[in-house]
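**Student:** Sharing a model prediction with you, sequence too.
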Amino acid sequence: MFGKRRLFVIMYFFAAAILMLTLTGDGSKALQRMSGMNYSKVELSAPEISAVRTEVVLMNDTPWETTLYKITAPVKGPTVMVIGGIHGDEPAGIFAADEVSTWVIDRGTLLVLPRANIPAIKEELRNAPGEADLNRVFPGDFAANAVDKMAAEIIKIIIEYEPVWVIDLHEAEYCERVLPGALGQSLLYPRKAGSMDIVEEVQTIVNRSIYNEDKHFMLLRGVVLGSAVKGALLAGSEAMIVETCEQMPLEDRIQYQLHVVSALLYTLGITVY
Ligand SMILES: [Zn+2]
């Protein structure tokens with residue numbers, strides 16, 4: 001009996017000594033290793049991205065007041081502008097641009113104007129009530145109607161920040177493949193486009209991920225006078241229009257728009273996080 005009790009006492013002190021060792025000095029590291037706690041100290045190898053987002057209010061104190069988001073990556077690179085909501089009844093481009101305004105990029109600058117035509121968006125109409133089509137008045141005029149001022153504001157931003165690309169997000173009622181001239185599911189680029197190879201690469205990347213070939217994006221050449229894309233070209237940028245097809249579910253259209261924008265950024269060497 002006595003021998004057993006002495007053995008317990010010795011074991012008790014021995015266990016207490018081990019516990020003390022593990023809780024202090026090198027012992028704590030051993031304890032952390034056993035419990036896995038040291039994993040919290042492992043440095044992740046993912047690049048540290050610290051893009052900064054700033055907001056610029058356009059058309060201040062007017063019914064057209066809207067926000068331009070400027071996302072600047074820590075590494076220099078190309079500037080790209082994304083415009084949504086030039087037409088108020090084309091929601092996929094607006095929601096997609098909203099999401100792009102939250103993106104983090106590893107290089108360059110993203111300028112995002114998700115809601116270019118606020119009065120039209122509020123009414124879910126193509127044009128602002130009583131105003132002309134915003135996509136026919138570029139490059140705009142600060143001395144004319146509100147819609148002309150809005151166009152002039154956008155051109156002013158393009159001249160100030162000199163984006164290499166401007167991508168304008170729109171929607172069409174029907175698909176171009178089903179009804180030629182309808183424009184849905186197409187990428188439009190101007191006849192004088194200098195970087196047609198980039199538009200073709202964007203088309204290839206996006207279509208590769210669309211299983212159903214009936215939903216593939218077509219390339220259409222030529223954009224109308226007075227459009228934002230035409231204005232961007234005059235201001236020195238490359239530019240293209242995305243048109244999704246409203247016969248498809250809204251969520252799919254938003255994803256197509258996002259894919260086109262990310263594919264353009266990818267071809268320009270910008271990674272989205
Ligand atoms: Zn449109």
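**Tutor:** Structure received.
**Student:** So which bits of the chain are right by the ion?
**Tutor:** By CB under 5 Å from the ion, the part of the chain that sits against the ion consists of His87, Glu90, His170. In short, each C-beta sits where N, CA and C put it, glycine included.
**Student:** how does it look with 8 Å?
**Tutor:** Applying CB under 8 Å from the ion, one finds that the chain approaches the ion through Ile86, His87, Glu90, Gly93, Arg126, Asn135, His170, Glu171, Ala172, Glu243.
**Student:** can you pull the contacts of the third one?
**Tutor:** Meaning Glu90. Residues in contact with Glu90 (CB atoms under 8 Å, 6 or more residues apart in numbering) are Arg126, Leu169, His170, Glu171, Glu246.
**Student:** Output those as TSV; include the columns distance to Val223 and secondary structure.
**Tutor:** Converted to TSV, the contacts of Glu90 look like this (distance: CB to CB, whole Å; DSSP: H, G, I helix; E, B strand; the rest coil):
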residue	distance to Val223	secondary structure
Arg126	17	coil
Leu169	14	strand
His170	11	strand
Glu171	16	strand
Glu246	20	coil
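**Student:** Just the buried residues of these.
**Tutor:** Using 16 or more other CB atoms under 10 Å as the burial test, these include Leu169, His170, Glu171, Glu246 as buried.
**Student:** Give me the neighbour count for the closest residue to the ion within the stretch 1-150 of the chain.
**Tutor:** Residue of the stretch 1-150 of the chain nearest the ion, by CB to the ion: His87 (3.6 Å). Neighbours of His87 under the rule other CB atoms under 10 Å: 22.
**Student:** Look at it and report its pLDDT.
**Tutor:** Looking at His87, its pLDDT stands at 98.
**Student:** Let me see the ranges of the helices in this structure.
**Tutor:** For the chain, applying DSSP state H gives helices covering 2-23, 26-35, 91-100, 118-123, 146-161, 196-208, 228-234, 250-267.
**Student:** quick revisit: and the residue of the stretch 1-150 of the chain closest to the ion, how far is that from Met81?
**Tutor:** 17 Å (CB to CB, to the nearest Å).
**Student:** in stretch 249-263, what's buried?
**Tutor:** Arg253, Ile254, Gln255, Tyr256, Gln257, Leu258, His259, Val260, Val261, Ser262, Ala263.
**Student:** can you list contacts of that stretch?
**Tutor:** Taking CB under 8 Å, 6+ apart as the rule, stretch 249-263 contacts 82, 91-93, 95-97, 99-100, 167, 169, 171, 185, 187, 201-202, 205-206, 209-210, 217, 242, 244-246, 248, 272.
**Student:** hmm, try it at 7 Å
**Tutor:** With CB atoms under 7 Å, 6 or more residues apart in numbering as the contact definition, stretch 249-263 has outside contacts at 82, 91-93, 95-96, 99-100, 167, 169, 171, 187, 202, 205-206, 209, 242, 244, 272.
**Student:** At the geometric centre of this protein, which residue do we find?
**Tutor:** Val100 (2.2 Å; CA atoms, centre = their mean).
**Student:** give the contact list for that residue.
**Tutor:** Listed by CB under 7 Å, 6+ apart, the contact partners of Val100 are Val82, Leu110, Val112, Val261.
**Student:** now swap in Val229 and tell me
**Tutor:** Applying CB under 7 Å, 6+ apart, one finds that Val229 lies in contact with Val166, Asp168, Pro190, Val223, Ala239, Met240, Ile241.
**Student:** and Cys245, bridged to which residues?
**Tutor:** As for beta bridges, Cys245 partners with Ala172 under DSSP bridges.
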